[in-house]
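Engineer: Structure, please.
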Amino acid sequence: MYTNLPWFLAPYYTLTTMAAAEVLGVALPPHFSQRLGAVFALSPLDRGFWAALGTLVSPLIWPFALGSLVGAVVLSAAAFVLARPFIEAGRKHLHLHGHSHRRPPEGP
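Structural biologist: Below you'll find the predicted structure:
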């Protein structure tokens, strides 16, 4: 499954950021969703868009960083635990069937 898709990314970053905000005691800015809608009503080519977006999300920088880090560590640990038996089975298969670990020939 490829998880670098918008329907995975948006919920992942939202959940990890909100969980970290809870842990850090950071509250969403007042009327966040309405203010975010107003920001996206502006053109991204306008300097005001970026200034308003930066002001709105700046309190969430540390929760975003912490949540993303902890989420990545948890997911990577789970991926390791799930992948290790398959890796070990593949190595055992190669060993039992006498395959050597030769490097492929180099190209031209």
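Engineer: Mind giving me the packing neighbours of the helix or strand containing M18?
Structural biologist: Per DSSP states H and E, M18 falls inside helix 6-24. If you count contacts as 3 or more Cβ pairs under 8 Å, 6 or more residues apart in numbering; DSSP states H and E, helix 6-24 packs onto helix 61-96. C-betas here are computed from N, CA, C, even on glycine.
Engineer: and L66, what does it touch?
Structural biologist: Neighbouring residues of L66 by Cβ atoms under 8 Å, 6 or more residues apart in numbering: 20, 23-24.
Engineer: are any of those residues buried, and which?
Structural biologist: Neighbour-count burial (16 or more other Cβ atoms under 10 Å) applied to the contacts of L66 gives A20.
Engineer: about what we covered before: could you check how far the helix holding M18 is from the centre of its chain?
Structural biologist: Computed by Cα atoms, centre = their mean, to the nearest Å, the separation of helix 6-24 from the middle of its chain amounts to 9 Å.
Engineer: Now that helix - C-alpha only, CSV.
Structural biologist: The C-alpha coordinates for helix 6-24 follow below in CSV (Å, rounded to 0.1, in the frame of the first residue of the first chain):
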residue,chain,number,x,y,z
PRO,A,6,-3.7,12.8,0.0
TRP,A,7,-6.3,10.7,1.6
PHE,A,8,-3.6,9.2,4.0
LEU,A,9,-1.5,12.3,4.5
ALA,A,10,-4.1,14.7,5.5
PRO,A,11,-5.6,12.5,8.3
TYR,A,12,-2.2,11.3,9.4
TYR,A,13,-0.8,14.8,9.9
THR,A,14,-4.0,16.1,11.4
LEU,A,15,-4.2,13.3,13.9
THR,A,16,-0.5,13.4,14.9
THR,A,17,-0.5,17.1,15.1
MET,A,18,-3.6,17.2,17.3
ALA,A,19,-2.3,14.4,19.5
ALA,A,20,0.9,16.3,20.1
ALA,A,21,-0.9,19.5,20.7
GLU,A,22,-2.9,17.8,23.4
VAL,A,23,0.3,16.4,25.0
LEU,A,24,2.0,19.9,24.8
